[in-house]
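Quick one: sequence and predicted model below, then my questions.
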Amino acid sequence: MFEALSSKLNGVFDRLRRRGALSEADVQEALREVRVALLEADVALPVVKDLTTKVRERAVGAEVLKSVSPAQQVIKIVHDALVEALGGGEADTGARGLDLNAPAPVPVLMVGLQGSGKTTTSGKIALRLKGRDKKKVLLASLDVHRPAAQLQLETLAKQVGVTSLPIVAGQTPLQIAERAMDLARRELFDVVVLDTAGRLAIDDVLMAEVAEVKAFAKPHETLLVVDAMTGQDAVNTARAFQDKVGVTGIVMTRIDGDARGGAALSMRAVTGAPIKLLGAGEKLDALEDFHPDRIAGRILGMGDIVSLVERAAETIDRDEAEKLAARMQKGQFSLEDYASQLKQIGKMGSLSGILGMLPGIGKMKQQIEDANLDNSMLKRQAAIISSMTPKERRAPDIIKASRKKRIAAGSGTSVQEVNRLLKNFDDMSAMMKRMNKLGQKGLMRGGLGALLPKGMQMPGGRKPF
């Protein structure tokens with residue numbers, strides 16, 4: 001979502017880094033470019049003014065201009081200002097997911113416009129609460145206007161393995177809410193997610209309906225779901241709901257799209273309500289906590305290693321990983337192990353999304369795009385391995401021309417793709433063998449270069465041996 005903004009800001013900072021010392025004019029010029037980048041990213045004008053004013057006050061001073069690394073000092077100041085704009089740096093940021101600190105059953109009211117992803121987000125939240133927090137969740141659709149809306153939530157409830165409120169035709173949203181809370185109390189549910197109806201635009205009927213349900217249910221969390229792709233319209237929607245109904249938090253959906261990111265930067269400052277969750281894809285497990293410091297790091301090209309590690313911990317099968325590690329230590333690595341690795345990586349999401357969390361990867365954006373790294377590549381490689389016989393997976397050396405043709409035909413790929421897979425596997429196997437031969441002490445002495453073949457150079461032209 002922040003690719004364009006990140007690219008422009010990093011261009012500004014790269015020019016600052018080339019100068020050993022900064023003058024006040026250098027800082028002012030950089031701030032003008034930062035201002036333009038933020039405005040082009042669809043950040044609200046009051047937020048841009050506030051952010052650049054804060055940066056100017058901190059950056060134009062002896063501390064920065066006489067610093068050993070003035071450009072790094074400016075980047076840190078911009079980072080801190082971004083964190084504040086996103087809702088961090090306060091005693092209570094509300095940026096660690098949902099607040100369920102209330103007597104059960106805890107009502108969570110979902111509000112928003114039609115098409116923002118509200119019903120899907122309700123399912124995602126239910127899955128998250130059930131799996132991560134071990135909560136007993138009841139899903140209830142209060143949308144009596146959109147055809148099949150209640151059936152959609154019922155289907156989502158079955159997919160995530162939680163209970164949905166039985167559908168009774170002809171009831172009003174308030175009657176459905178009353179029935180949901182009554183059932184939750186009787187059957188000892190921990191959380192009740194009330195999915196209200198949306199509209200194509202904000203109107204008095206919608207607000208009156210939401211207000212009536214809210215007055216009865218007294219939700220501990222009122223979550224506004226907004227589509228990040230709508231830019232400043234998302235900010236306007238959030239402001240209207242906050243003024244007329246009152247929300248405790250915001251969920252931004254479709255952050256994996258090509259939105260310019262300005263809505264996220266504007267949301268907290270314009271509405272006063274914190275962004276609590278991010279919808280990062282269509283899958284029901286694609287829901288993340290919103291961390292202002294991590295998002296600021298992504299914008300400035302610093303990466304987000306913490307989120308990457310957390311995602312890996314949640315998706316990778318620990319037992320499978322330990323078995324694979326043990327086999328690697330013994331120098332045993334087959335195509336079946338390779339296929340298992342591809343499967344584990346696929347669970348973590350899109351390759352571009354994973355790479356986007358690595359520091360400095362923004363500067364390699366074009367190379368990554370040219371390499372066509374997407375999940376379809378992983379699926380093609382998995383299909384190639386599936387088309388092999390068990391003997392071929394354990395001993396790939398026997399795969400010659402005729403076998404390659406058969407495997408390519410069986411997997412719907414080409415012989416060239418089969419060759420590429422086998423080469424990748426050979427390179428990885430060779431690296432595993434070198435790791436096993438060097439041992440821990442050898443790796444510590446030689447570093448990454450010790451794993452590369454003789455003659456191959458490290459970045460910067462340095463040979464590993």
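Everything's here; your move.

could you give the mean pLDDT of the helix or strand hosting Met181?
Taking DSSP states H and E as the definition, Met181 sits inside helix 173-186. Throughout helix 173-186, pLDDT has a mean value of 95.

Quick one: list the elements packing against it.
Counting contacts by 3 or more Cβ pairs under 8 Å, 6 or more residues apart in numbering; DSSP states H and E, helix 173-186 packs against strand 137-141, strand 191-195, helix 204-217. Where you see a C-beta, it was placed from the backbone N, CA and C, and this is true even at glycine.

For Ile384, which of the ones you listed is the nearest?
With distances scored as Cβ to Cβ, the stretch of these nearest to Ile384 is strand 137-141 (40.3 Å).

Name the surrounding residues that touch the helix or strand just after that closest one.
Following strand 137-141 in sequence order, the next helix or strand is helix 149-160 (DSSP H and E). The list of residues contacting helix 149-160 from outside it, by Cβ atoms under 8 Å, 6 or more residues apart in numbering, reads 119-120, 122-123, 126-127, 130, 139-141, 143-144, 163-164, 167, 195, 197, 284.

right, and the helices and strands packed on helix 173-186 - which one's nearest Ile399?
Closest approach to Ile399 among those is made by strand 137-141 (49.0 Å; Cβ to Cβ).

Residues touching that closest one, excluding its own?
So strand 137-141 is in contact with 105, 119, 122-123, 126, 129-130, 149-150, 152-154, 156-157, 162-165, 167, 176-177, 179-180, 183-184, 187, 189-195, going by Cβ under 8 Å, 6+ apart.

repeat for stretch 247-254
Applying Cβ under 8 Å, 6+ apart, the set of residues contacting stretch 247-254 from outside is 94, 98-99, 111, 116-117, 120-121, 220-229, 234, 238, 241, 263-264, 267, 271, 273-279, 290.

how close does the nearest residue to Asp99 once chain neighbours are set aside sit to Gly249?
Once flanking residues are discounted, Asp99 sits nearest to Glu221: 6.1 Å by Cβ to Cβ, 6 or more residues apart in numbering. As judged by Cβ to Cβ, to the nearest Å, Glu221 and Gly249 stand 6 Å apart.

Checking Asp256 next. Helix, strand or coil?
Secondary structure assignment for Asp256 (DSSP: H, G, I helix; E, B strand; the rest coil): coil.

Poorly predicted segments of the stretch 201-350 of the chain, please.
Across the stretch 201-350 of the chain, the ranges flagged by pLDDT under 70 are 257-260, 301-318, 320-321, 324-325, 327-332, 346-350.

So which residues of it form strands?
For the stretch 201-350 of the chain, strands defined by DSSP state E, counting those that start in this stretch occupy the ranges 221-227, 249-253, 275-279, 287-289.

Looking at the ones you listed, which is nearest to Ala339?
Closest to Ala339 of the strands of the stretch 201-350 of the chain is strand 287-289 (Cβ to Cβ; 27.7 Å).

Please spell out which residues along that closest one are buried.
287-289 (16 or more other Cβ atoms under 10 Å).

try stretch 220-234
220-232, 234.

between the residues you listed, which is nearest Asp42?
When the buried residues of stretch 220-234 are ranked by distance to Asp42 (Cβ to Cβ), Gly231 comes first, at 4.5 Å.

domains for the protein, by residue range?
For the chain, automatic domain parsing gives the domain ranges 3-85, 106-300, 309-451.

related to what we said a few turns ago, reformat the buried residues of strand 287-289 as JSON lines; add distance to Leu86.
Converted to JSON lines, the buried residues of strand 287-289 look like this (distance: Cβ to Cβ, whole Å):
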{"residue": "Leu287", "distance to Leu86": "18"}
{"residue": "Glu288", "distance to Leu86": "14"}
{"residue": "Asp289", "distance to Leu86": "13"}
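
which strands and helices sit next to the helix or strand containing Leu127?
Using DSSP H and E, Leu127 maps to helix 118-131. When contacts are defined as 3+ Cβ pairs under 8 Å, 6+ apart, helix 118-131 sits against strand 106-112, strand 137-141, helix 149-160, strand 191-195, strand 221-227, strand 249-253, strand 275-279, strand 287-289.

partners of the last one, with directions?
Sheet pairing here is set by DSSP bridges, and for strand 287-289 it gives strand 275-279 (antiparallel).

Residues in contact with the partner strand: which ones?
86-87, 94-95, 97-98, 117, 120-121, 124-125, 223, 249-255, 264, 267-268, 286-290.

Distance check, Val106 against Leu200.
Note on Val106: its distance to Leu200, by Cβ to Cβ, is 30 Å.

Report the outermost residue of the protein with respect to its centre.
What lies farthest from the middle of the chain is Ser402; by Cα atoms, centre = their mean that is 43.3 Å.

still on that earlier bit, would you mind giving the strands of the stretch 201-350 of the chain as JSON lines with distance to Ile385 added?
Converted to JSON lines, those look like this (distance: least, Cβ to Cβ, whole Å):
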{"stretch": "strand 221-227", "distance to Ile385": "38"}
{"stretch": "strand 249-253", "distance to Ile385": "35"}
{"stretch": "strand 275-279", "distance to Ile385": "32"}
{"stretch": "strand 287-289", "distance to Ile385": "31"}
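
hey, what's in contact with both of Glu221 and Gly249?
With Cβ under 8 Å, 6+ apart as the test, Glu221 and Gly249 both reach Leu98.
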